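In: need coordinates for the below:
(one chain, ligands or ions: 1)
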Amino acid sequence: MPALVHEGWEVELPWLVQGTTTRGALGGGFDLGLFSEGSPVERVREHWEHLLAVTGMGAAMHARQVHGADVRRHHASPPGLNVVEPCDGHATSDPGVLLAVTVADCVPVFLVDPSTRAVALLHAGWRGTAGAVLERGLALMTNGASASDLRVHLGPAICGDCYEVGPEVFVALGEPTPARPTPLDLRGVLARRAMAAGVDSACVTVSEHCTRCTDSGLFSHRGGDRGRQVGYIGVRA
Ligand SMILES: [Zn+2]
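Out: Residues are numbered from 1 along each chain as shown. Purely as a prediction, here's the structure:
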């Protein structure tokens with residue numbers, strides 16, 4: 001299956017299943033967007049079945065995403081693809097449950113607590129970031145305790161050179177506001193927010209892959225693609 005994984009976590013946290021799919025070779029059709037009107041739905045469902053088979057996970061948790069800040073916790077789940085109420089984040093401690101968010105420029109945010117083997121996965125565009133989806137996800141993971149030992153990975157997404165946005169976006173994010181449309185490094189903003197929430201800077205990593213300017217095989221909404229990749233994470237069964 002075509003995917004980009006966090007290579008450091010592969011070594012250090014081998015009990016994780018994690019990565020972000022890519023469109024793949026031979027025509028580039030590995031589309032997992034159930035709600036994006038790209039590929040025929042039967043084809044997309046086949047791709048989800050492939051994702052579950054290749055990762056060896058029994059169940060996948062997914063939802064229509066609404067650029068909000070709700071994060072849902074999942075326990076033992078029915079086998080196969082489960083589409084739950086709309087939300088932008090998922091969390092679980094149960095082995096065999098694969099969390100998945102669709103992205104095509106927005107940031108898949110991977111959260112891991114190595115001590116409890118809990119995981120969460122968030123979909124963060126600028127609206128979700130401004131709405132504190134990251135802080136909500138971190139709070140769900142820590143339940144009031146320190147976030148210093150959590151790992152945060154900001155996965156493949158549009159980079160700070162390719163993502164020009166209007167001044168109103170900087171205002172919404174509480175960032176210094178330029179006078180005219182200016183490129184925004186959203187993963188940089190998320191990294192600073194994670195550290196402000198107590199995550200150790202050494203525990204925050206950022207993917208080098210951009211949906212627009214690196215040759216990584218990723219779908220890009222701004223690039224005109226209707227397909228979607230998924231970020232996925234789970235604890236091996
Ligand atoms: Zn770029």
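In: quick check: the nearest residue to Leu52 once chain neighbours are set aside vs Asp88, distance?
Out: Nearest residue to Leu52, sequence neighbours excluded (Cβ to Cβ, 6 or more residues apart in numbering): Ala60, at 5.7 Å. Just so you know, the C-beta spots here come from the backbone N, C-alpha and C atoms, and that holds for glycine as well. Computed with Cβ to Cβ, to the nearest Å, the distance linking Ala60 and Asp88 is 16 Å.
In: please identify which of those two sits among more neighbours.
Out: Per other Cβ atoms under 10 Å, whichever of Ala60 and Asp88 has more neighbours is Asp88, with 28 against 25.
In: may I have the beta-bridge partners of the most centrally placed residue in the chain?
Out: Centroid-nearest residue in the chain: Pro108, 1.8 Å away (criterion: Cα atoms, centre = their mean). Beta bridges link Pro108 to His123, judged by DSSP bridges.
In: wait, a strand at the residue nearest to Leu52?
Out: Yes: assessed with DSSP: H, G, I helix; E, B strand; the rest coil, Ala60 lies in a strand.
In: return the residues in contact with it.
Out: Contacts for Ala60 were tallied using Cβ atoms under 8 Å, 6 or more residues apart in numbering; they are 48, 51-52, 80-82, 97-100, 232.
In: who wins for neighbours among those?
Out: Leu98 leads the contacts of Ala60 on contacts (other Cβ under 10 Å) with 31 neighbours.
In: that one touches Val54, doesn't it?
Out: No: contact criterion Cβ atoms under 8 Å: Leu98 and Val54 do not qualify, at 10.6 Å.
In: buried stuff in the lengthiest helix in the chain?
Out: Using DSSP state H, we find that the single longest helix of the chain is helix 41-55. Of the residues in helix 41-55, 44, 47-48, 51-52, 55 count as buried by neighbour count, 16 or more other Cβ atoms under 10 Å.
In: what about it, distance to the chain center?
Out: Mean-position distance between helix 41-55 and its chain equals 18 Å (Cα atoms, centre = their mean, to the nearest Å).
In: same check, this time on stretch 17-26
Out: 13 Å.
In: mind checking the pLDDT average for it?
Out: The average pLDDT within stretch 17-26 is 86.
In: for stretch 162-172, same thing?
Out: Summarised as a single mean, pLDDT over stretch 162-172 is 98.
In: distance between the ends of that stretch?
Out: End-to-end distance of stretch 162-172: 19 Å, with Cα to Cα, to the nearest Å as the criterion.
In: anything in it near the ion?
Out: Yes: using Cβ under 5 Å from the ion, stretch 162-172 reaches the ion at Cys162.
In: all helices in this structure, in order from the N-terminus.
Out: According to DSSP H, the chain carries its helices in the segments 7-12, 41-55, 126-130, 133-142, 167-173, 186-196.
In: give me the contacts around the first one.
Out: Spelled out, it's helix 7-12. 16, 18, 112, 151, 153, 205.
In: ranges for the strands of this protein?
Out: 3-4, 16-21, 59-63, 71-74, 80-84, 89-92, 97-103, 107-113, 118-124, 151-154, 164-165, 182-183, 204-206, 229-235 (DSSP state E).
In: export the fourth one to CSV, keeping only CA atoms.
Out: The C-alpha atoms that make up strand 71-74 are tabulated as CSV, following Å, rounded to 0.1, in the frame of the first residue of the first chain:
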residue,chain,number,x,y,z
VAL,A,71,-12.6,14.7,19.3
ARG,A,72,-14.4,11.4,20.0
ARG,A,73,-13.0,8.5,22.0
HIS,A,74,-13.6,5.0,20.7
